[in-house]
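Peer 1: Could you work out the structure for the sequence below:
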Amino acid sequence: MKTKVYIDGKEGTTGLKIFERFKDREDLEILLIDEDKRKDSDERAKLINKSDYTFLCLPDAAAIEAVSLCTNPNVRIIDASTAHRTNPNWTYGFPELSPKHREAIKTSKRVANPGCYASGFIACVYPLIKAGVLPEDYPLTSHAVSGYSGAGKQLISVMESEDKPFECYSPRQYALGQAHKHLPEMQAICGLKYKPMFNPIVDDYFSGMVVSVPLVTRALTKKYTPSEIHKIIADHYLGQNFVTVAELGGTKTLPDGFLAANTLAGTNNMEIFICGNDDQILVASRLDNLGKGASGAAVQCMNIMMGIDERTGL
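Peer 2: Model (predicted):
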């Protein structure tokens, strides 16, 4: 018997990518809603409760409503919105963080899919917190650049229109008031005393991102070398399928010295780089904001919940 899957919000960027990843999955039956009933709560409830797995690719308020429509205790929900990422009753869907995270995803009925920027930041910071490298009050800063697809259909239409505004040809900083929606999960999942200073930038290309976290070694719990930081992070992700750590300094992976943000587009992979010197160390992650930062991570979580190879369809 095939596993029944419903994508609530299939028309959005993340929903479409999840749907595309299922096109060759013969083990799944995709439940489809009639176009004129996409916002019909009764019809959505019917499909949610008929499914084995439901993906929520919706704005926060709509995702919360969708959860309330679920009355079948056997339905397992993966929410791609921001709504439940810091909710203690939900499992955070980043299996590479620890065996405990992976096991929780495997048995959970409610999984919150991580945000794209948050995935990149947490991947860099979480191992350092667990290893005792960062003091609890360390003033973390993160700079990140992403393709415009992460901003959704409205910005995509602007960026791809014939009359695209002149300023859209340039990298643009945003969320200048330090209230980006990913900040709460960055703080909560890493167990930080304070929110990081976060500087996101959207640029004139479709997908892919780099999230960077600079470290000043004199402010760490002790003065670590780049080699020591590299070993801590490399050991943490040893044996993972989708998260890998490049050689120290990226001397082979980045032969020209440039860390491009778009090279993992279309994949569910994440690469982590450790560069710098004994005084200043840069930890950076590269991923696809639509892959490991969204749809790919959601499908990976479903595979784990199903008890099959997490790489299936990815």
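Peer 1: for the protein, what helix or strand is lowest in average pLDDT?
Peer 2: helix 153-159 (a mean of 87; mean pLDDT, DSSP states H and E).
Peer 1: in its sheet, what does the following helix or strand past that one sit against?
Peer 2: Where DSSP states H and E defines the elements, the next helix or strand beyond helix 153-159 is strand 172-173. Using DSSP bridges, the strands paired with strand 172-173 are strand 197-203 (antiparallel).
Peer 1: After the strand it pairs with, heading C-terminal, what element do we hit next?
Peer 2: Per DSSP H and E, the first helix or strand lying C-terminal to strand 197-203 is strand 209-216.
Peer 1: Any buried residues in that next one, and which?
Peer 2: Across strand 209-216, burial judged by 16 or more other Cβ atoms under 10 Å covers M209, V210, V211, S212, V213, L215. Yep, even glycine has a C-beta here, placed from its N, CA and C like the rest.
Peer 1: Save those residues as TSV, and put in pLDDT and distance to P127 too.
Peer 2: Shown next, in TSV, are those (pLDDT from 0 to 100; distance: Cβ to Cβ, whole Å):
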residue	pLDDT	distance to P127
M209	98	19
V210	98	18
V211	98	14
S212	98	16
V213	98	11
L215	98	13
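Peer 1: now, the most widely separated pair of the residues you listed?
Peer 2: M209 and L215 (19.8 Å; Cβ to Cβ).
Peer 1: Got the confidence number for G150?
Peer 2: G150 is assigned 85 on the pLDDT scale.
Peer 1: Which secondary structure state is assigned to it?
Peer 2: Applying DSSP: H, G, I helix; E, B strand; the rest coil to G150 yields a three-state assignment of helix.
Peer 1: show me the contacts for it.
Peer 2: C116, V202, S207, M209, N289, L290, G293, A294 (Cβ atoms under 8 Å, 6 or more residues apart in numbering).
Peer 1: so which pair among those residues is furthest apart in space?
Peer 2: Farthest pair in those, by Cβ to Cβ: V202 and A294, 15.1 Å.
Peer 1: Look at these two and report which has more neighbours.
Peer 2: Using other Cβ atoms under 10 Å, the more surrounded residue of V202 and A294 is A294, with 28 against 23.
Peer 1: So that one is in contact with T14, correct?
Peer 2: Yes. Here A294 reaches T14: they are 4.7 Å apart, a contact under Cβ atoms under 8 Å.
Peer 1: intersection of neighbour lists for those two?
Peer 2: Joint contacts of A294 and T14 (Cβ under 8 Å, 6+ apart) are A80.
Peer 1: can you list the domains in the chain?
Peer 2: The record's domain split for the chain, according to automatic domain parsing, is 3-114+294-306, 116-289.
Peer 1: Would you report the backbone torsion angles of the residue nearest to R38 when sequence neighbours are not counted?
Peer 2: Once flanking residues are discounted, R38 sits nearest to E11: 7.1 Å by Cβ to Cβ, 6 or more residues apart in numbering. Dihedral angles of E11 (phi, psi; degrees, to the nearest 10) stand at phi -80, psi -10.
Peer 1: now swap in T3 and tell me
Peer 2: Here the main-chain torsion angles of T3 (degrees, to the nearest 10) amount to phi -80, psi 130.
Peer 1: residues contacting it?
Peer 2: So T3 contacts D27, L28, E29, D52, Y53, M306 (Cβ under 8 Å, 6+ apart).
Peer 1: what's the most distant pair in the residues you listed?
Peer 2: Largest pairwise distance in the contacts of T3, by Cβ to Cβ, is 13.3 Å, between E29 and M306.
Peer 1: And the helices in this protein?
Peer 2: Secondary structure of the chain by DSSP state H: the helices cover 13-21, 41-50, 60-69, 99-107, 116-130, 153-159, 183-190, 226-236, 296-306.
Peer 1: Let's see the second one as CSV, backbone CA atoms only.
Peer 2: Once non-C-alpha atoms are left out, helix 41-50 reads as follows in CSV (Å, rounded to 0.1, in the frame of the first residue of the first chain):
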residue,chain,number,x,y,z
SER,A,41,-11.2,24.5,5.1
ASP,A,42,-13.6,21.5,4.9
GLU,A,43,-11.9,20.1,1.8
ARG,A,44,-8.4,20.7,3.2
ALA,A,45,-9.4,19.0,6.4
LYS,A,46,-10.7,16.0,4.4
LEU,A,47,-7.3,15.6,2.7
ILE,A,48,-5.2,16.2,5.8
ASN,A,49,-7.1,13.6,7.7
LYS,A,50,-7.0,11.1,4.8
